[in-house]
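Asker: quick one, fold the following:
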Amino acid sequence: MTRLSVNINKIATLRNARGGNNPDVIKVALDCERFGAEGITIHPRPDERHIRYQDAYELKKVLTTEFNIEGNPEGSFITLVENIKPHQVTLVPDAVDAITSNAGWDTIKHQAFLKEIINNFKKLGIRVSVFVDPTLKFVEAAATAGADRIELYTEPYATSFQSNKVDAIKDYIEAAALAKQLGMGVNAGHDLDLFNLNYLKTEIPFLDEVSIGHALICDAVYYGLENTIQLYLRELAK
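Answerer: Next up, the predicted model:
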């Protein structure tokens, strides 16, 4: 089964829009678990415009499913991950001012840097996933750097899905197959939703995990959080 990890960044964005603690990010995370989510993902950024570093520490105390922390491995992010020791860290090459993640790593150019970071996190018992485009040379270099998994950046797939889903998925199938051949697990995330998720899972049946935030939270506005999580789980189970 492909695991569903719910990214709760958008809940924190809503909270921060008015100050205070409504909605309560920690309670929502626990509710996501209670409603069937198999993991919780957060992506803290240096300006703390949504998830705050303190949220990460509070979540660590109470979560019972897999905890995945995403981000650019620099400065305070490294310290955060080293202190919390989540089940998984996903390395994402975000610019400081990025609205959202918009590209995977050039794992060749940044090979030495990634190898050192990955090694340090793995020594702490943390599984390391590297965010990559579906490009074979970058998948191969992620394995060389020591990554346990890759996370395929799926925005291009989601963008092309409605016009030509066969072409949209082609590079992802090849990248995932290579990752598996090289002994890495395969995660996926970015712009996955109720329309394109099942096809991705069907074409890559050994997919380990999907991390979904924006679309899932938007759907929850209409369907309710519990029902929405169940809808996503059903797409993965078909």
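Asker: hang on, isn't Ile84 packed against Asp55?
Answerer: No: using CB atoms under 8 Å, Ile84 is not in contact with Asp55, being 10.9 Å away. Quick note: C-beta positions are derived from backbone N, CA and C, even for glycine.
Asker: these two: who's more crowded?
Answerer: More crowded of Ile84 and Asp55, by other CB atoms under 10 Å: Asp55, with 21 against 18.
Asker: need the residue closest to the centroid of this structure.
Answerer: In the chain, the centroid-proximal residue (CA atoms, centre = their mean) is Ser211; its distance is 4.1 Å.
Asker: quick one, what contacts Glu38?
Answerer: Residues near Glu38 by CB atoms under 8 Å, 6 or more residues apart in numbering: 3-5, 65-66, 209.
Asker: and the contacts of the lengthiest helix in the chain?
Answerer: If you go by DSSP state H, the chain has its longest helix at helix 165-181. Helix 165-181 is contacted from outside by 132, 134-136, 139-140, 142-143, 149-150, 152, 154, 156-157, 159-161, 185-186, 188, 196, 199-200, 203-204, 206-207, using CB under 8 Å, 6+ apart.
Asker: quick one: buried ones out of these?
Answerer: Buried members of those, scored by 16 or more other CB atoms under 10 Å, are 132, 134-135, 139-140, 142-143, 149-150, 152, 154, 156-157, 160-161, 185-186, 188, 196, 199-200, 203-204, 207.
Asker: those residues in strands, which ones?
Answerer: Among the buried ones among the contacts of helix 165-181, the members found in strands (DSSP state E) are 132, 149-150, 152, 185-186, 188.
Asker: hey, where'd the helices end up in this structure?
Answerer: 9-18, 25-34, 53-62, 75-84, 111-123, 136-144, 155-161, 165-181, 197-203, 214-223, 225-237.
Asker: for His43, which of those helices is the nearest?
Answerer: Closest to His43 of the helices of the chain, according to CB to CB: helix 9-18, at 5.5 Å.
Asker: the inter-axis angle of the closest one versus helix 25-34?
Answerer: In terms of direction (axes from the mean of the first three to the mean of the last three CA atoms, to 10 degrees), helix 9-18 departs from helix 25-34 by 150 degrees.
Asker: how about helix 9-18 as PDB, C-alpha atoms only?
Answerer: Below are the C-alpha coordinates for helix 9-18, written out as PDB (Å, rounded to 0.1, in the frame of the first residue of the first chain):
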ATOM      1  CA  ASN A   9       1.300  23.700   6.000                       C
ATOM      2  CA  LYS A  10      -1.900  25.200   4.700                       C
ATOM      3  CA  ILE A  11      -3.500  24.700   8.100                       C
ATOM      4  CA  ALA A  12      -0.700  26.800   9.600                       C
ATOM      5  CA  THR A  13      -1.100  29.400   6.900                       C
ATOM      6  CA  LEU A  14      -4.800  29.800   7.900                       C
ATOM      7  CA  ARG A  15      -3.900  30.000  11.600                       C
ATOM      8  CA  ASN A  16      -1.200  32.600  11.000                       C
ATOM      9  CA  ALA A  17      -3.500  34.800   8.900                       C
ATOM     10  CA  ARG A  18      -5.300  35.900  12.100                       C
END
